[in-house]
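Trainee: After the sequence you'll find the predicted model.
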Amino acid sequence: MSINPPSNRLWWKEPIHGIELAWIIIAFLWGLFMFFFMIAWHFIGNQNLSTETYRVTPDQFVEKVEAFAEEYPLLDASGDPVDIEGTPVVSPPAGGDVYMLGRLWEWWPALELKKDQSYRFHLSSADWQHGFSLQPVNINISVHPGYEHVFTLTPTQTGEFGIVCNEYCGIGHHAMSGHIRVVD
Amino acid sequence: MTTIDHGAIGYVGPDIRYRSCPFTGRRIERSAELLIRANAVAAVIFLAVGGFFGLMVALTRWPAVQLLPAEWFYLVLTGHGANVLLFWIVFFEIAVLYFASAVLLGCRLATPRWAWLGFGLMVIGAVMANYAVLNGDSTVMFTSYPPMMAEHWFYLSLIVFAVGALIGVFVFFGTLVVAKDEQTYEGSVPLVTFGAITAAIIAVFTLACGAIILIPTWLWSLGLISGIDTLMYKLVWWGMGHSSQQINVAAHIAIWYAIAAMVVGARPLSEKVSRFAFLMYILFLQLASAHHLLAEPGMSSSWKIINTSYMMYLAVMASMIHGLTVPGAIEAAQRRNGFTRGMFEWLTKAPWGNPAFSGMFMSLVMFGFLGGITGVILGTEQLNVLMHNTIYVPGHFHATVVAGTTLAFMAMTYLVVPLVFQRDIIWPTLAKWQPYLFGLGAGGISLFMMGAGTLGVPRRHWDISMVDAAHQYEFAPAAYLMMGLNGMSAILAAAGGLLFIVLVVASILAGPRLDQPGAKLVFPLHDAGAQAVSEYGSEASLKIPGTVMLVAIFFFTFVLYYFVNWKYLSELWLFN
Ligand code: HEM
Ligand SMILES: [Cu+2]
Ligand SMILES: [Cu+2]
């Protein structure tokens, strides 16, 4: 009985039955496999989120984002800056840096990216923690104020993508949104 | 009985009174019994409050219903997390610790006055927290990530609660010493007590992490500290937040063994393996907070890999071992009980009408299949990015902590009420159905939230139709369907939860008295429950083909689901 002391005082000397032993070995090997598979994916896979991070004050980061938006505005045929629902659209050069700011309660600015081109994303928050959640791709990354997270991202699909916030950030959390467009 | 005084733990009350349990033959001391009752009752009250909040949350997240306005939704969600995850679970765990020490070892509870003090602090903390949350200025979710700040009351309430719980844990350790000293048992402690010891050791680590992070945060809310680093907060907070889940796991697995022993007469296949598996939960515990930080900036990949796998998945291995030994012990016992036909007669002829057994077995299955497998997926370095902070996460932990822990605790309550409150279950037919109702609902909310999460639905989110947002985003119709089904399952779970509470309260107040001579239990225990010691039966009884089959199905599901997720990941946008 599991609720009584073991009758055999030397219970640790009892033999382990074959079935139990076999399962322990299988479970252990499976654990090892899963462990090494994470490492292996760094070599064979293309989805290893970079962990490159810099300290930054929220103000500094806001400045960087604004400079970025001013430098590469997307212009329409008549040379006027394009916006989506009031958010300016920025069209950075392929292979270049991209800045994305989370703040109460929007993702700023909107982006136009090119398919199969890689970008260096810089992600941070101006105030509270936010959750960068790119949909329907389903890429989800935590965003902290004070930390600038830099990672490479290469869109592999064209279309219109939404960004929602999936870290609770106060009463406007469910209204926090952003936009990325990917073109050929 | 006792006359010796041992200083620190040697509180010798004026009247240490024992009674002998007519059903198990155990010696039960009065103050232990009263403290188990008090903690169990408090647990059930907070489950009622928190469960009600949970229903409100789920009905709000049902897009066609959207019951509460936004402010209330976030407030109630904060209250839900705190009441169920902290208060219901921890009160019940303190009851379990006292049960596993004083009752199972047949000794008195060490320092009952301290135990009452701890209980009092926990009640004060829990009430204060509810006050702070309902007051409206502490809608920060139970994780309270800075720099969002709650009222200082809120942090203080959690600290007070944690101190109370810590006292309870030390009373448990003291009780072990008392039992050893007074030689109330021979040899090693029972397996269930051993499991409780691992839970208690983890609890000390957990509560220390809680103190390390919540005390500065409290000072910060008082204006005495200028800021809290957000990453550091998450790292240490999850040292508490995740390790406490390890407590739950150790506690509910101990309960699985206990119920299996009491209801079908199960004994561990081998003491060594089961105890070793419990010990594994303690090893590398401090690494556990990592899998909450996989989508965070700042930590290196090698740090993430080593930590998220607790050095190579040793805790997962431990759970997988229990996943064999618990059903294996039940199968072996049932075969001894005469159900030897075929592969599964032991299972089909199990006491499915006994809510302690049915609740326990559903908890075992759902914890493994729904909670365990998905937890490993979520905790894999690269896969995490697919569902971090989506509602997949609450889906996963409702499988572990609701379908797993809560259901196991409910099942245990069906034994605690007769044996400790000495009142029988009042409406057996309703009691028989309760675990199924709750289990179905809990399994449903877990599955449907996970389903919605794979479609990107965020957690802690009032409105996925995003009508107030500048940029509209349309979630897939299937996501709406999932959230609707989640709402319906929530109604089932809430009905099952309500039924549980009504049954417990009514039984305690008006159930048939069991302290009369000749009283009989409506849900009988197995005769072997009255044996004084456990017989080791591994070699003799280890024919467990049914369990081998169940475990094989489990393993197959695990491997399949694991690779399905890698397949999804490989189709994701590239991070290079
Ligand atoms: C009637 C039973 C229950 C229902 C219907 C229910 C439903 C829900 C729902 C819909 C959410 C919200 C997910 C979100 O929006 O992010 C949630 C969150 C949560 N639930 Fe439950 N739940 C129930 C019982 C429990 C129990 C018994 C526990 C713990 C033992 C629990 C622990 C939690 C926690 C920790 C959260 C997360 C809160 C947060 O994100 O801050 N729930 N629940
Ligand atoms: Cu946000
Ligand atoms: Cu948010």
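Mentor: Looks like it arrived, so ask away. Ligands and ions are numbered 1, 2, ... in the order given.
Trainee: Need the pLDDT of the nearest residue to residue B:349 once chain neighbours are set aside.
Mentor: Leaving out its chain neighbours, the residue that sits closest to residue B:349 by CB to CB, 6 or more residues apart in numbering or on different chains is residue B:339, at 4.6 Å. C-beta: built from backbone N, CA, C; applies to glycine. We have a pLDDT of 92 for residue B:339.
Trainee: do the same with residue B:292
Mentor: pLDDT at residue B:292 comes out at 88.
Trainee: residues contacting it?
Mentor: Applying CB atoms under 8 Å, 6 or more residues apart in numbering or on different chains, one finds that residue B:292 lies in contact with B:234, B:238, B:241, B:242.
Trainee: quick one, phi/psi of it?
Mentor: Main-chain torsions, residue B:292, degrees, to the nearest 10: phi -90, psi 0.
Trainee: just to revisit the earlier point, pretty sure the residue nearest to residue B:349 contacts residue B:346?
Mentor: Yes - the criterion here is CB atoms under 8 Å, and residue B:339 meets it with residue B:346 at 4.7 Å.
Trainee: roughly how far apart are the residue nearest to residue B:349 and chain A?
Mentor: 19 Å (CB to the nearest CB, to the nearest Å).
Trainee: Between residue B:339 and residue B:346, which has more neighbouring residues?
Mentor: residue B:346 (26 against 18; other CB atoms under 10 Å in any protein chain shown).
Trainee: name the element that one belongs to?
Mentor: Residue B:346 is part of helix B:345-348, with elements assigned from DSSP states H and E.
Trainee: Counting by contacts, list what that helix packs against.
Mentor: Counting contacts by 3 or more CB pairs under 8 Å, 6 or more residues apart in numbering or on different chains; DSSP states H and E, helix B:345-348 packs against helix B:310-336.
Trainee: buried set for the helix it packs on?
Mentor: Across helix B:310-336, burial judged by 16 or more other CB atoms under 10 Å in any protein chain shown covers B:310, B:312-336.
Trainee: same for that helix, what does it pack against?
Mentor: helix A:18-44, helix B:243-264, helix B:271-282, helix B:345-348, helix B:355-366, helix B:538-541, helix B:545-570.
Trainee: Tell me how far the fifth one lies from the chain's centre.
Mentor: Relative to the mean C-alpha coordinate of its chain, helix B:355-366 is positioned 13 Å out (CA atoms, centre = their mean, to the nearest Å).
Trainee: Rounded mean pLDDT for that helix, please.
Mentor: 97.
Trainee: which strands and helices sit next to that helix?
Mentor: Using 3+ CB pairs under 8 Å, 6+ apart, helix B:355-366 sits against helix B:243-264, helix B:310-336, helix B:407-420, helix B:428-454.
Trainee: roughly how far apart are the residue in chain A positioned nearest to ligand 1 and residue B:143?
Mentor: Ranked by CB to the nearest ligand atom, the top residue of chain A for proximity to ligand 1 is residue A:168, at 7.3 Å. For residue A:168, the distance to residue B:143 equals 8 Å [CB to CB, to the nearest Å].
Trainee: quick one: which of these two has more around it?
Mentor: Neighbours per residue, other CB under 10 Å: of residue A:168 and residue B:143, the larger number sits with residue A:168, 27 against 17.
Trainee: looking at this, that one is in a strand?
Mentor: No - going by DSSP: H, G, I helix; E, B strand; the rest coil, the assignment for residue A:168 is coil, not a strand.
Trainee: Please name the spatially closest residue to it (chain neighbours excluded).
Mentor: Once flanking residues are discounted, residue A:168 sits nearest to residue B:460: 4.2 Å by CB to CB, 6+ apart.
Trainee: Give the helix, strand or coil label for that neighbour.
Mentor: Taking three-state DSSP as the rule, one finds residue B:460 in the coil state.
Trainee: Neighbours of it, how many?
Mentor: 25.
Trainee: ditto for residue B:163
Mentor: So residue B:163, with other CB under 10 Å, has 18 neighbours.
Trainee: Pretty sure it sits against residue B:121.
Mentor: Yes - the pair residue B:163 / residue B:121 is scored as a contact, 5.6 Å apart, by CB under 8 Å.
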